[in-house]
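# pasting the sequence and the predicted coordinates here, then a few questions.
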Amino acid sequence: VFHLIRNAHGSARWYSIVPTCVLIFDFIATPLYCYQKNIGDLVRVLEPDSGVTLLDPKALDMGRVELVPLLVMCLQMVVRVRGGMELVGPGALATRGSGGGRRSQGFGYVNNWPSGFFIAGSSIYEANGLYVKSETDSKVPHASLLTYTNKRSGWSMLYNNAEDEGYGAVGGAATEWLMVDGNMRDRFGHKGGTYIPGAGNSWSHLHRAVHTAPAGFQVGDVVTMRKGLAEFWEEGERARVVKVHAIAEHKDSPYVIKMEGTGKTFQTQSWRMSLVPAREEGEEEESAALSQSPEDDLDELPWQVVAVMSDDRMEDFVRQEEAYHQTVKEARAGAGLPHPAPGSDEKQPPEEFTYPTLGEDMCMAGNLLGALEKFKEELVATTQRWRRAIVFVRRSECKRLHRQLGSALADLDAALAIYPQYAAALFGKARVLLDTAQSTRALRAFETLLRVDRSWPRLQDWIVRAHASARRSGRAPVSEDVFVGDHVRMARRAPGLWEAGDTAVVVGLGTSQGPVTIRLDKSLRTVHTQPFYLQPLREGLPPGPNQGSGGMTSEPAVAGSGMSDHYHTLGVACDFTSEQLRQAYRTASRTHHPDKGGSAAMFQSVAVAHEVLSDPDQRRAYDEGADLPSSGVQEEGLSLREQVERRYFPDHRGFWLFGDPLEKRRENQARQAEIDALKRRAEKLKEDERAGRTEL
């Protein structure tokens with residue numbers, strides 16, 4: 001004990017005086033007290049008000065009762081010399097910085113209930129977020145000792161007294177942690193007896209009867225009493241709700257019920273009643289017990305649980321969460337994205353609309369002239385608007401397949417003239433623009449599609465590719481007239497950030513609230529801002545790509561960029577097939593071979609392009625900008641994909657306060673994979689032994 005004291009407080013000798021006195025007192029007084037009091041009473045005295053159970057009186061040998069106070073005395077001394085903190089159950093002792101992405105800095109003790117929790121990592125979106133300590137909702141069907149509420153989703157996190165409700169809690173304890181969804185269903189459970197629950201698979205799915213409705217009990221509901229209460233009712237006795245008081249005036253007992261058997265009227269709480277009919281003996285226990293089934297999805301569990309002990313810190317996190325959801329709201333509303341041309345807001349043909357196959361088969365067979373003639377006949381024969389728009393899009397796909405890109409783009413513009421928000425036409429136009437190395441215009445088309453239809457398949461991947469292509473061209477846009485690499489002057493003052501006239505350089509994408517990321521020349525700070533703060537300084541720089549031009553020429557690269565587009569080098573579509581790549585490589589190799597009068601440098605570029613695009617991993621890395629030089633944003637640890645996700649899809653990442661919430665999940669999976677491998681190895685060794693084979 002003294003060794004623990006010295007480690008906690010240094011080598012000062014006077015620290016040993018008080019603990020020594022406490023030691024003598026506890027050694028004499030506590031055993032005597034145990035002989036006079038029942039051991040169960042002693043344990044109840046030692047329990048904190050939270051319901052944390054230190055010892056189970058039923059598991060103790062009364063002949064060795066003197067060991068109990070001795071153990072508790074030692075633990076008390078450690079806690080006292082650690083600054084008066086109380087001992088809490090397992091799970092309340094947690095590593096500092098635990099939870100995604102942070103290294104452990106040691107262990108810390110808690111001696112009170114958290115102000116709230118941060119939950120992340122669950123595949124159920126509504127389960128994640130901040131849970132703030134609050135008053136127990138009268139609709140919650142539990143005798144909750146503590147309630148933490150996710151005000152955004154309506155989920156609750158409860159510390160529940162299961163004994164009062166008459167069923168066995170998770171882990172067989174008297175108390176349990178519960179996560180209850182917005183429909184008042186118990187979703188996950190964790191063993192009680194701790195101030196802070198664990199994370200991941202320390203929680204389990206619950207399969208319990210639903211005791212109440214999401215809106216609470218209503219007048220006229222027939223209920224059964226979940227547990228008997230002496231002199232009031234018996235377990236399973238039926239009653240009817242006759243009155244519901246205002247929650248603000250009767251928080252504890254808002255429901256008035258009338259017993260069917262006795263006719264007596266009582267005022268009670270929701271957790272004492274159940275809408276589920278009484279079951280036969282054994283069925284009630286089964287329905288309330290913890291159950292794990294093979295269908296339970298472990299991804300639904302909360303894989304990151306962080307307790308927030310400070311009210312001030314909790315309020316700060318709540319403000320951050322509100323800002324995050326505001327960012328998500330603006331991103332989903334299309335903040336900073338280009339608007340489609342004015343006209344009809346229809347995005348897709350009506351579901352009942354059918355379109356016959358015309359020239360598609362001919363086009364795939366290589367009969368381009370025959371296919372185009374079929375499409376032309378259909379356009380002449382029909383005046384139906386959606387039919388004409390679909391024909392234009394189908395014909396553009398045929399022309400693109402045969403590399404008639406200028407004519408394909410004209411067809412797509414014709415379809416968009418009929419329906420400016422036709423999603424398939426916007427997507428087709430963006431691909432054709434990528435094929436012609438007009439990456440800035442392609443990016444604008446993808447952004448317009450994002451405003452029109454955020455659910456378009458793999459749209460994030462396409463936007464990443466467009467940004468990577470634009471940056472290779474040397475002039476990548478981050479807003480209407482601002483490009484990566486631009487030198488800008490601040491048009492107005494921003495207190496605490498910059499003064500009017502300060503200069504900066506644009507380094508990348510920002511967020512929906514601040515879409516431009518700049519690095520200030522004076523302070524070297526990297527901040528997100530709005531374009532209206534910036535005045536581009538473009539003296540001596542080439543103009544922005546394709547400004548005022550609708551031609552099919554590729555975008556000029558900034559001198560010295562030295563980066564080529566592998567797709568453009570080989571002349572393949574951005575979504576080529578393996579056969580198309582093979583043919584394009586053979587054609588480009590013959591064209592640029594030095595023996596055929598070609599350039600050695602260009603021939604080398606063709607070889608490099610083929611090597612990258614023919615390998616799936618290299619192609620994926622290239623599409624995501626792995627070859628791009630670092631920028632101010634990348635130096636902060638953000639890849640181009642992460643920049644795009646932050647700017648356009650903040651809802652994909654989720655509200656992560658403490659790094660990757662699935663870090664523990666992946667660690668568990670890796671550990672389980674190792675265990676499974678060892679089991680398979682052991683089984684093989686057993687089979688070899690049975691077969692008479694031996695192995696060193």
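Yes, it's here.

# which helix is the longest one in the protein?
helix 663-690 (DSSP state H).

# which stretches of the stretch 451-600 of the chain have low pLDDT?
538-562 (pLDDT under 70).

# quick check, distance from the longest helix of the chain to the centre of its chain.
30 Å (Cα atoms, centre = their mean, to the nearest Å).

# same check, this time on stretch 370-380
Per Cα atoms, centre = their mean, the centroid offset for stretch 370-380 relative to its chain is 48 Å.

# buried ones in it?
371, 372, 374, 375, 378 (16 or more other Cβ atoms under 10 Å). Using the backbone N, CA and C atoms, a C-beta is placed for each residue, glycine as well.

# how near is the third one to residue 397?
It refers to residue 374. 14 Å (Cβ to Cβ, to the nearest Å).

# circling back to that earlier point, between the buried residues of stretch 370-380, which sits nearest residue 647?
Within the buried residues of stretch 370-380, proximity to residue 647 (Cβ to Cβ) peaks at residue 375, which comes in at 38.2 Å.

# quick one, phi psi at that closest one?
The phi/psi pair for residue 375 (degrees, to the nearest 10) reads phi -60, psi -40.

# OK, contacts around it?
358, 359, 391, 394, 395, 398 (Cβ atoms under 8 Å, 6 or more residues apart in numbering).

# distance check, it against residue 431.
Applying Cβ to Cβ, the value for residue 375 to residue 431 is 19 Å.

# cool, and residue 496?
Taken as Cβ to Cβ, the span from residue 496 to residue 431 is 44 Å.

# buried stuff in the helix or strand residue 610 falls within?
Element membership of residue 610 [criterion: DSSP states H and E] is helix 600-614. Using 16+ other Cβ under 10 Å as the test for burial, helix 600-614 gives 602, 603, 605, 606, 609, 610, 612, 613.

# now find how far off-centre it is within its chain.
On the basis of Cα atoms, centre = their mean, helix 600-614 sits 39 Å off its chain's mean C-alpha point.

# for the very next helix or strand once past it, name the packing helices and strands.
Per DSSP H and E, the first helix or strand lying C-terminal to helix 600-614 is helix 616-623. Here helix 616-623 touches helix 459-473, helix 600-614, going by 3 or more Cβ pairs under 8 Å, 6 or more residues apart in numbering; DSSP states H and E.

# closest one to residue 503 among those helices?
Of all the helices and strands packed on helix 616-623, helix 459-473 comes closest under Cβ to Cβ, at 21.8 Å.

# what packs against the closest one?
Using 3+ Cβ pairs under 8 Å, 6+ apart: helix 459-473 touches helix 423-435, helix 439-452, helix 616-623, helix 640-648.

# in a markdown table: those, plus distance to residue 323 and mean neighbour count.
Formatted as a markdown table, the helices and strands packed on helix 459-473 follow (distance: least, Cβ to Cβ, whole Å; neighbours: other Cβ atoms under 10 Å):
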| stretch | distance to residue 323 | mean neighbour count |
| --- | --- | --- |
| helix 423-435 | 31 | 25 |
| helix 439-452 | 22 | 24 |
| helix 616-623 | 32 | 14 |
| helix 640-648 | 13 | 22 |
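
# which one of those helices lies nearest to residue 146?
Going by Cβ to Cβ, the one of the helices and strands packed on helix 459-473 nearest residue 146 is helix 640-648, 35.6 Å.

# in the helix or strand that comes right after the closest one, what counts as buried?
Next along the chain after helix 640-648, taking DSSP H and E as the criterion, comes helix 650-653. Neighbour-count burial for helix 650-653, counted by 16+ other Cβ under 10 Å, picks out 650, 651.

# can you check stretch 192-206 too?
The neighbour-count check on stretch 192-206 (16+ other Cβ under 10 Å) flags 192-200, 202-206 as buried.

# check stretch 113-133 too.
113-122, 124, 127-133.

# straight-line length of it, end to end?
The first residue of stretch 113-133 is 9 Å away from its last residue (Cα to Cα, to the nearest Å).

# again, but for stretch 375-392
End-to-end distance for stretch 375-392, by Cα to Cα: 8 Å.

# and the residue lying closest to residue 331 once chain neighbours are set aside, how far from residue 654?
Nearest residue to residue 331, sequence neighbours excluded (Cβ to Cβ, 6 or more residues apart in numbering): residue 512, at 4.1 Å. From residue 512 across to residue 654, the span is 15 Å (Cβ to Cβ).

# counting neighbours, go ahead and name the busier of those two.
Neighbour totals were compared for residue 512 and residue 654, and residue 512 leads with 23 against 15 (other Cβ atoms under 10 Å).

# what sits against that one?
327, 330, 331, 335, 336, 647, 648, 650.

# neighbours of the fifth one, how many?
Pointing back at residue 336 there. Applying other Cβ under 10 Å, we find 23 residues neighbouring residue 336.

# list the residues that contact it.
So residue 336 contacts 479, 512, 515 (Cβ under 8 Å, 6+ apart).

# ok, the third one next?
Residues in contact with residue 331, defined by Cβ under 8 Å, 6+ apart, are 512, 648, 649, 650, 651.

# same deal with the first one?
Contacts here follow Cβ under 8 Å, 6+ apart; on that basis residue 327 touches 511, 512, 513, 650.

# my guess is residue 221 contacts residue 239. True?
No: using Cβ atoms under 8 Å, residue 221 is not in contact with residue 239, being 9.3 Å away.

# more neighbours: which of those two?
Using other Cβ under 10 Å as the criterion, residue 221 and residue 239 rank with residue 239 on top: 25 against 18.
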